[in-house]
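Chemist: Using only what follows, build the 3D model:
(one chain, ligands or ions: 2)
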Amino acid sequence: MTTTLSAANLDQRIDAAAAKVEPKVIECRRDVHQHPELGNRELRTSKLVADRLRELGVEVRTPIAHTGVVGILKGGKPGRVVALRADMDALPVVEQVDLPFKSTVKTTYNGHEVGVMHACGHDAHVAILLGVAEVLAGVREELPGTVKFLFQPAEEGAPEGEEGGAALMVKEGALENPKVDAVFGLHVTSRYPVGEIAYRPGAELAAVDSFKITVRGKGTHGAYPWLGVDPIVVASQIVLGLQTIPSRQVDSSLAPSIVTVGSIHGGVRNNIIPDEVEMLGTIRSLDARMRDDIHARIKRTAEDIAKSGGATAVVKIDQGYPITYNDPALTEKMVPTLRKLTSEIEVVNPVLGAEDFSFYQQKVPGLFIWLGTRPKNQTAEEAPSNHSPLFYVDESGLGLGVRALSHLAVDWLTR
Ligand SMILES: [Zn+2]
Ligand SMILES: [Zn+2]
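Modeler: Ligands and ions are numbered 1, 2, ... in the order given. Next comes the predicted model:
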């Protein structure tokens with residue numbers, strides 16, 4: 001009875017602190033929104049985060065993974081270690097939302113002049129997690145264990161030739177010293193309205209891999225194709241052949257998958273058959289074994305179709321982000337916490353986008369939730385999606401994010 005009472009008391013203290021910190025969270029989000037920085041270049045954001053954590057009495061380790069910051073909050077009682085993650089990077093997008101704190105930042109990206117915008121809402125993630133740090137610092141004496149705050153660069157990918165993101169955070173020891181036992185994260189989205197939390201046990205977001213196929217034939221005159229081997233016709237057959245992998249070859253009742261050829265290039269003139277065609281594409285999958293199987297089938301399909309036409313195909317597959325996989329036992333354990341936060345909890349379909357939160361989940365059990373930030377007077381179809389120059393975050397949804405991560409961390413430590 002005493003435990004229940006003190007747990008309820010701690011819940012109330014957390015909710016009161018979260019309500020109190022909300023205006024500061026919104027202010028911080030606007031500041032970060034107006035000063036967006038691309039992946040591995042989050043210098044201002046990183047400094048803002050580190051300064052704020054130090055003010056709160058949180059131990060700070062920085063830099064990690066270029067511009068990352070790890071905060072360590074030791075509770076007053078012994079216990080396990082839980083990590084909470086926020087990504088900090090913006091996108092090369094010119095903002096088209098008319099806001100007083102709209103971004104007008106420009107920079108160069110892979111040699112191009114670009115605008116910079118928090119078009120994926122990572123500004124909200126930074127502000128929410130700093131809010132959580134303040135809430136939890138206020139109850140640190142009650143906490144059995146340690147909370148680690150992972151402020152991570154470059155979720156959207158590092159610039160060409162650089163490492164970055166969650167993979168580099170893990171590589172540089174973000175989950176060690178002290179060793180993390182579980183990790184939680186969230187993403188704001190316009191798919192769901194303000195006040196709603198969505199999640200899925202198991203595979204929630206896809207693995208993303210890219211491929212390059214080089215088809216080599218033999219160039220000749222466009223009027224005498226029999227004197228050469230036409231790589232354009234062979235490449236066309238490969239494009240169609242690849243589409244039978246998701247639709248006809250893998251068990252689509254188990255999980256959806258996608259193979260997309262997004263770029264195809266060969267030839268310079270109407271009446272010359274070229275030597276070579278190059279194709280680029282993306283692969284999305286939601287099941288680890290299916291992922292490997294699709295890779296093998298892409299290779300076989302391209303090579304054997306090319307061979308049938310007297311050409312050759314060289315297939316190169318680059319592994320990207322793994323499947324964002326919510327540990328089923330952890331998810332089940334934390335559902336009562338989510339239900340405590342709001343009645344608007346939805347178990348949703350997986351999406352074929354990807355998240356590098358998956359690299360943490362490969363090391364420790366993790367749960368990644370969707371936080372609705374769509375204005376209530378808009379439908380999901382009307383609301384511009386993440387990455388759009390019109391992406392809009394309804395700030396009245398941020399308070400629930402602070403409560404969600406605070407309660408997930410505390411409940412996981414105390415139960
Ligand atoms: Zn994104
Ligand atoms: Zn994102």
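
Chemist: tell me the pLDDT at residue 111?
Modeler: Note for residue 111: predicted pLDDT of 86.

Chemist: For it, list the residues it contacts.
Modeler: By CB atoms under 8 Å, 6 or more residues apart in numbering, no residues touch residue 111. Quick note: C-beta positions are derived from backbone N, CA and C, even for glycine.

Chemist: Same question for residue 167.
Modeler: Counting by CB under 8 Å, 6+ apart, residue 167 has contacts 356, 359.

Chemist: what's across from residue 86 in the sheet?
Modeler: Counting by DSSP bridges, residue 86 is bridged to residue 151.

Chemist: is it true that it touches residue 155?
Modeler: No: Residue 86 lies out of contact with residue 155 (CB atoms under 8 Å); the separation is 9.4 Å.

Chemist: Identify the contacts common to those two.
Modeler: residue 122.

Chemist: What is the strand or helix carrying residue 299 packed up against?
Modeler: Using DSSP states H and E, residue 299 sits within helix 288-308. Applying 3 or more CB pairs under 8 Å, 6 or more residues apart in numbering; DSSP states H and E, one finds that helix 288-308 contacts strand 207-216, helix 231-244, strand 276-285, strand 312-319.

Chemist: next SSE after the longest one?
Modeler: In this case it means helix 231-244. Next helix or strand after helix 231-244 toward the C-terminus (DSSP H and E): strand 258-265.

Chemist: Return the distance of the helix holding residue 299 from the chain's centre.
Modeler: 27 Å (CA atoms, centre = their mean, to the nearest Å).

Chemist: which residues in the stretch 301-415 of the chain form helices?
Modeler: For the stretch 301-415 of the chain, the helices defined by DSSP state H, counting those that start in this stretch cover 328-341, 358-361, 398-414.

Chemist: now for those, which one comes closest to residue 302?
Modeler: With respect to residue 302, and counting by CB to CB, the nearest of the helices of the stretch 301-415 of the chain is helix 358-361 at 26.9 Å.

Chemist: give me the element the spatially closest residue to residue 389 that is not a sequence neighbour is part of.
Modeler: Leaving aside its chain neighbours, residue 389 sits nearest to residue 96 (4.1 Å; criterion: CB to CB, 6 or more residues apart in numbering). Assessed by DSSP H and E, residue 96 sits outside every helix and strand.

Chemist: right, and residue 96 touches residue 119 too?
Modeler: No: in this structure, residue 96 is not within contact of residue 119 by CB under 8 Å, at 9.7 Å.

Chemist: neighbour count winner among the two?
Modeler: Just comparing residue 96 and residue 119: by other CB atoms under 10 Å the higher neighbour count belongs to residue 119, 28 against 14.

Chemist: State whether the more buried one is indeed within a helix.
Modeler: No: applying DSSP: H, G, I helix; E, B strand; the rest coil, one finds residue 119 to be coil, outside a helix.

Chemist: separation between it and residue 126?
Modeler: 15 Å (CB to CB, to the nearest Å).

Chemist: follow-up on the earlier one: nearest to residue 357, of the helices and strands packed on helix 288-308?
Modeler: Taking those one by one with CB to CB, strand 207-216 is closest: 12.6 Å.

Chemist: what's the angle between the helix holding residue 299 and strand 276-285?
Modeler: 160 degrees (axes from the mean of the first three to the mean of the last three CA atoms, to 10 degrees).

Chemist: how about helix 288-308: buried residues?
Modeler: 290-291, 293-295, 297-299, 301-303, 305-306 (16 or more other CB atoms under 10 Å).

Chemist: Same question for stretch 393-408.
Modeler: Across stretch 393-408, burial judged by 16+ other CB under 10 Å covers 393-395, 397-408.

Chemist: Please apply the same query to stretch 371-378.
Modeler: Applying a neighbour-count criterion of 16+ other CB under 10 Å, one finds 371-374 buried in stretch 371-378.

Chemist: End to end on that stretch, go ahead and measure it.
Modeler: End-to-end distance of stretch 371-378: 16 Å, with CA to CA, to the nearest Å as the criterion.

Chemist: as a whole number, average confidence for it?
Modeler: Here the average pLDDT along stretch 371-378 is 97.
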